[in-house]
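*Asks:* sharing a sequence plus its predicted fold:
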Amino acid sequence: MKSCFRKTLLPLIFTVSFSAAVYGAADETYDKLKLMIDVMEIINANYVSETNPKDLAVGAINGVVRTLDPFSQYMEEKAYKEMKNETEGSYSGVGLRIMVKNNYITVISPIPGTPAYKAGILPEDRIVRIDTHSAVGMSSDEAANLMRGKAGTKVKLFVLRDNVAEELEFIINREKIKIETVKSTMLDDNIAYIRLSEFNAQSAEDIKKVLNDFSRQDMKGVILDLRNNPGGLLESAIDIISVFIKEKTLALTTKGRIEDTKKEYFTSGNALFPDLPFAILVNRGSASASEIVSGAMQDFKRALIIGSNTFGKGSVQTVIPLSDGTALRLTIAKYYLPSGRPINRSDDKKSVNGITPDIEIKVPVENEIKLYGQSDMIFAKDKDPKSAVEDSEKIKDEVLDKAVEIINEGKIFEMIKQSKASETKENKDSSEKKKEDKNNK
């Protein structure tokens with residue numbers, strides 16, 4: 001029994017461990033792996049209920065990956081297939097982007113227009129139960145699998161929210177998730193308003209088309225709304241930056257432990273709108289590619305960033321297929337903006353995460369819920385869309401109104417120039433050193 005158990009476990013563990021270049025510290029690593037196998041054999045022989053060696057090995061692999069960061073994950077075969085389906089846009093569920101944070105399934109952002117968005121689930125909400133299953137200590141893949149299901153079926157989510165004493169309960173109908181990434185309208189003041197809900201392969205072209213159409217209508221400024229945009233394709237973010245910044249400008253650098261992960265991303269093509277007054281709206285649900293665009297534009301002094309601090313997902317993941325049909329999603333590098341600053345993320349409540357806006361406007365939770373419900377009304381014009389918020393309860397969007405006000409007053413470039421939001425201590429020290437070196441010359 002013992003030798004059979006080792007034969008079952010060793011291929012599983014060594015496939016993951018040594019194929020990832022752990023082989024260099026072979027002696028020490030082997031001792032630890034042997035110890036882990038010994039523990040599993042003791043469990044298999046003595047645990048009160050019968051155990052499955054493969055299940056124990058998978059649990060061990062999950063334990064190893066969870067020591068890394070919230071974004072690295074081991075995906076079993078079913079989860080890997082579902083992830084690929086989601087990438088292709090062919091899954092049914094509730095429409096949440098999630099991660100594990102402090103042992104809780106935490107919402108990065110609900111995808112606009114999806115059932116979770118309409119129900120009023122917010123960024124940073126912590127899901128503690130899914131139907132009858134406790135979600136505390138659960139992986140994000142396990143949680144995603146439970147929330148997915150046949151369109152038309154219901155799932156019950158129990159949520160903890162900051163500054164709300166009681167546990168919140170949401171009963172949500174699953175739907176086919178179809179993401180309309182770009183929505184736009186020309187506001188009354190001839191200001192183009194574009195909401196981007198996710199970065200996909202078509203996003204940059206869609207935004208170019210919208211701006212070209214609006215430029216024929218005496219457009220005097222543009223507002224790009226990246227609130228609750230969880231990110232998407234890195235290339236799409238660079239392409240959108242290229243619409244506003246001249247070609248061959250360094251927009252982003254990725255750096256990791258391995259030399260191959262160091263890459264530089266430059267703008268390409270002709271900047272169609274290099275001088276158009278430009279504001280970007282962000283909040284705590286703006287992550288990854290949203291932070292790349294808003295952070296780069298802030299560094300270039302090209303756009304005024306308005307809203308609240310972004311989520312802080314400044315890392316690069318790659319999906320590595322494994323020999324048995326499973327896969328490893330692994331963090332391999334971090335993002336660095338044009339100024340050299342990273343996009344920070346910390347679980348410390350006192351820390352400042354993500355991109356700090358040039359103009360900070362904190363929106364109370366109860367107002368965020370109402371804004372979610374009425375958000376599509378701005379695109380309605382003469383149509384009559386359904387809204388989750390009654391007319392008598394509708395509120396003003398302070399963040400959007402502030403952007404409109406600044407563009408109308410012609411102060412946007414002045415305020416961009418005056419902003420110091422992108423200056424971190426490291427950048428200030430680096431800037432002072434450069435000045436010192438120049439003076440010494």
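*Replies:* Thanks, I have the structure now.

*Asks:* look up phi and psi at the closest residue to residue 359 other than its chain neighbours.
*Replies:* Among residues not flanking residue 359 along the chain, residue 306 sits closest, at 4.6 Å (C-beta to C-beta, 6 or more residues apart in numbering). Yep, even glycine has a C-beta here, placed from its N, CA and C like the rest. Taking degrees, to the nearest 10, you get phi -130, psi 140 for the backbone angles of residue 306.

*Asks:* and what of residue 229?
*Replies:* Note on residue 229: backbone dihedrals following degrees, to the nearest 10 are phi -90, psi 110.

*Asks:* that older thread, quick check: the residue nearest to residue 359 vs residue 135, distance?
*Replies:* Using C-beta to C-beta, to the nearest Å, we find residue 306 at a distance of 34 Å from residue 135.

*Asks:* and residue 199, by the same measure?
*Replies:* Taken as C-beta to C-beta, the span from residue 199 to residue 135 is 27 Å.

*Asks:* any low-confidence regions in the chain?
*Replies:* 1-27, 84-91, 179, 347-349, 373, 380-392, 422-441 (pLDDT under 70).

*Asks:* what residue spans form the domains of this protein?
*Replies:* 2-67, 74-176, 182-423 (automatic domain parsing).

*Asks:* what helix or strand is residue 247 on?
*Replies:* Under the criterion DSSP states H and E, no helix or strand holds residue 247.

*Asks:* isn't it up against residue 268?
*Replies:* Yes: in terms of C-beta atoms under 8 Å, residue 247 counts as a neighbour of residue 268; the distance is 5.5 Å.

*Asks:* neighbour count winner among these two?
*Replies:* Counted by other C-beta atoms under 10 Å, residue 247 and residue 268 do not tie: residue 268 has more neighbours, with 14 against 11.

*Asks:* part of a strand, is the more buried one?
*Replies:* No: membership of residue 268 in a strand is not supported by DSSP: H, G, I helix; E, B strand; the rest coil, which gives coil.

*Asks:* list the contacts of it.
*Replies:* 238, 239, 242, 247, 248 (C-beta atoms under 8 Å, 6 or more residues apart in numbering).

*Asks:* between these, which sits nearest residue 339?
*Replies:* Top of the list for closeness to residue 339, among these and by C-beta to C-beta, is residue 238 at 16.4 Å.

*Asks:* leaving out sequence neighbours, find the closest residue to the closest one.
*Replies:* Nearest one to residue 238, counting by C-beta to C-beta, 6+ apart, is residue 265 at 5.0 Å.

*Asks:* OK, contacts around that neighbour?
*Replies:* Contacts of residue 265 by C-beta under 8 Å, 6+ apart are 234, 238, 250, 251, 252, 253, 254.

*Asks:* if we go to 6 Å?
*Replies:* 238, 251, 252 (C-beta atoms under 6 Å, 6 or more residues apart in numbering).

*Asks:* same check, this time on residue 329
*Replies:* Counting by C-beta under 6 Å, 6+ apart, residue 329 touches 73, 317, 319.

*Asks:* could you flag which of the residues you listed are buried?
*Replies:* 73, 317 (16 or more other C-beta atoms under 10 Å).

*Asks:* could you list which of the contacts of residue 329 belong to strands?
*Replies:* Those of the contacts of residue 329 mapping onto strands are 73, 317, 319, per DSSP state E.

*Asks:* the chain: helices as residue ranges?
*Replies:* With helices called from DSSP state H, the chain shows them at 2-17, 26-46, 53-66, 77-87, 115-119, 140-147, 203-215, 234-242, 289-299, 365-374, 398-408, 412-418, 425-440.

*Asks:* what's the PyMOL line that selects buried ones from the contacts of residue 268?
*Replies:* Typed into PyMOL, the next command selects the buried ones out of the contacts of residue 268 (criterion: 16+ other C-beta under 10 Å):
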select buried, resi 238+239+242
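
*Asks:* how about the contacts of residue 268, which pair is most distant?
*Replies:* Applying C-beta to C-beta across these, the maximum distance is between 239 and 248, 14.2 Å.

*Asks:* one step back: can I get the contacts of residue 329 in CSV with distance to residue 274?
*Replies:* Listed next are the contacts of residue 329 as CSV, based on distance: C-beta to C-beta, whole Å:
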residue, distance to residue 274
73, 40
317, 32
319, 36
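
*Asks:* what is the nearest of the contacts of residue 329 to residue 140?
*Replies:* So of the contacts of residue 329, ranked by how close each gets to residue 140 (C-beta to C-beta), first place is residue 73, at 6.5 Å.

*Asks:* quick check: closest non-adjacent residue to that closest one.
*Replies:* residue 329 (4.6 Å).

*Asks:* just grab the bridge partners of the one you found for me.
*Replies:* residue 73, residue 319 (DSSP bridges).

*Asks:* again, but for residue 221
*Replies:* Going by DSSP bridges, residue 221 forms beta bridges with residue 191.

*Asks:* could you give the number of residues near it?
*Replies:* If we define neighbours as other C-beta under 10 Å, then residue 221 has 21 of them.

*Asks:* ok, the one 4 residues further on next?
*Replies:* Neighbour count of residue 225, defined by other C-beta under 10 Å: 27.

*Asks:* look up how far residue 284 lies from it.
*Replies:* From residue 225 to residue 284 the distance is 14 Å (C-beta to C-beta).

*Asks:* same check, this time on residue 164
*Replies:* Applying C-beta to C-beta, the value for residue 164 to residue 284 is 16 Å.

*Asks:* neighbour count winner among the two?
*Replies:* Using other C-beta under 10 Å as the criterion, residue 164 and residue 284 rank with residue 284 on top: 24 against 12.

*Asks:* show the contacting residues for the closest residue to that one other than its chain neighbours.
*Replies:* Leaving aside its sequence neighbours, residue 284 sits nearest to residue 123 (C-beta to C-beta, 6+ apart; 4.7 Å). By C-beta under 6 Å, 6+ apart, the residues touching residue 123 are 107, 109, 284, 285.

*Asks:* quickly list what the residue nearest to residue 238 is bridged to.
*Replies:* Residue 265 has the following beta-bridge partners by DSSP bridges: residue 252.

*Asks:* which other residues reach stretch 303-312?
*Replies:* Against stretch 303-312 from outside (C-beta under 6 Å, 6+ apart): 108, 278-284, 286-287, 291, 294, 297-298, 344-345, 353-359, 362, 399, 402-403, 412, 415-416.
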